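K.L.:
Structure here, sequence nowhere to be found:
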């Protein structure tokens, strides 16, 4: 039993390391963006796509990856995803143009979509429901929320001392190590389904819908919200989404069985996740630009300035399982996003000549405390009461909400920031007195305000939609809904 428990924790370390690498790549590049922009002479609009291409394909293919894990085996899909992720990272670092880097980042996101839901699915079937799983998911949640913040620190160090390409090269030895450890330690898993029919039409349509939606939101500020191109992109996204729903309802083996949403807390957790990530991860994009472009910090100093966030995440995430045992997860999800909202509201007031201690540190600390307390209970809520054969689907749904929330959030906030900066510049009576930094800062303020509103919305969704069934635990709630079989 002791050896089994030891192996269980080694398995968690392997899976958490893989997830850390995946989440890290949503933010590690942020600090390197100015260096990449100079290297390839990219515009601000094109630069955003280095982040968005990754999160978009990641989010777009997660349902595909999660269902593939259920059908073809969790370990197999995890190892395939790790191998492809390492190869894509190597090619990212060898990119010779901005367009090439954007395309390879999309391939890297696809690899992550195969790996991440399989990893979370393995966690769900390895640890029994109740406190043991809650502790494991607390580690998972801390990694998911802390990876983005740690990415800013690591990205700063790597960019300044090794060069921006090493932000991608560093993934290669990690992927090789994880692949070897997974081969040695992860238990083999065969499909629990009686078929291996994967809904490729559904996967293609939902992915295309997300791409058109985000692209339309990204281009709207420059082309106009009522421009034919904008309306075409958004209209195409809606049409593909309707097609996807119709296809899923009539398909014999759909990519996603909508009956899974009969478990109310799964629906509530995924709805809560999207605005949280939309406001949270996009913040690192604007905060990194503010610290480097406005305050003039070096990449390393930028990374060090964000260190307080993962430290605060670790503090709150390690305490959350005990709190969940006493109160359940709903009260935490009603309050924690509001803590993040206050931190974002404080960042919306950073001045042109800001001080780290007075203007950034308090907001960063609140962000970390709120983030650590948010991701653990939301992961538990989104994965409770799901049968083993659909654990990959539940994992894919949660990760999809996270990545689509991040992609849409960045698109929306980038649009808000750009529009606000342009509007501010037009309103200045003496254009010669306006600096580019003043206009950019006004745009950052607007983005932080909207991000804060996303957090308030998430707290409202958690309050209205999530159900609380007893103070102790998810174990009680799981027992109450475990008999529900979906699909």
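P.N.:
Good, I have the coordinates. Predicted, not measured: the structure shown is a model, and the values here were computed from it. Numbering: from 1, shown residues only.

K.L.:
pretty sure residue 260 contacts residue 395?
P.N.:
No. Using Cβ atoms under 8 Å, residue 260 is not in contact with residue 395; the gap is 11.7 Å. All C-beta atoms are positioned from the backbone trio N, CA, C, and that covers glycine.

K.L.:
Compare neighbour counts for those two and give me the winner.
P.N.:
residue 395 (29 against 20; other Cβ atoms under 10 Å).

K.L.:
Do you know the pLDDT at the more buried one?
P.N.:
The confidence metric pLDDT takes the value 70 at residue 395.

K.L.:
so what's it up against?
P.N.:
66, 69, 116, 117, 118, 119, 120, 121, 124, 383 (Cβ atoms under 8 Å, 6 or more residues apart in numbering).

K.L.:
Looking at those, which are in helices?
P.N.:
Among the contacts of residue 395, DSSP state H puts 66, 69, 116, 117, 118, 119, 120, 121, 124, 383 in helices.

K.L.:
so how far is residue 294 from the nearest residue to the fourth one once chain neighbours are set aside?
P.N.:
Counting by Cβ to Cβ, 6 or more residues apart in numbering, residue 117 lies nearest to residue 66, which is 3.6 Å off, once chain neighbours are set aside. Noted for residue 66: a distance of 40 Å to residue 294, by Cβ to Cβ, to the nearest Å.

K.L.:
Just the closest of the ones in helices among the contacts of residue 395 to residue 51, please.
P.N.:
Of all the ones in helices among the contacts of residue 395, residue 51 sits closest to residue 116, with 17.0 Å by Cβ to Cβ.

K.L.:
between the contacts of residue 395, which is nearest residue 439?
P.N.:
Residue 439 lies nearest to residue 116 out of the contacts of residue 395, by Cβ to Cβ, at 37.6 Å.

K.L.:
just to revisit the earlier point, TSV for the contacts of residue 395, including pLDDT and distance to residue 252?
P.N.:
Converted to TSV, the contacts of residue 395 look like this (pLDDT from 0 to 100; distance: Cβ to Cβ, whole Å):
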residue	pLDDT	distance to residue 252
66	75	19
69	78	20
116	82	27
117	80	22
118	83	24
119	83	28
120	78	26
121	77	23
124	74	26
383	73	26
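
K.L.:
Need the pLDDT of residue 380.
P.N.:
With respect to pLDDT, residue 380 scores 79.

K.L.:
Enumerate every residue touching the spatially closest residue to residue 188 that is not a sequence neighbour.
P.N.:
Nearest residue to residue 188, sequence neighbours excluded (Cβ to Cβ, 6+ apart): residue 75, at 5.8 Å. Counting by Cβ under 8 Å, 6+ apart, residue 75 makes contact with 118, 122, 182, 186, 187, 188, 189.

K.L.:
For residue 304, grab the count of nearby residues.
P.N.:
For residue 304, the neighbour count with other Cβ under 10 Å is 16.

K.L.:
Which pLDDT does the model give it?
P.N.:
Value for residue 304, per-residue pLDDT: 85.

K.L.:
Then residue 166?
P.N.:
91.
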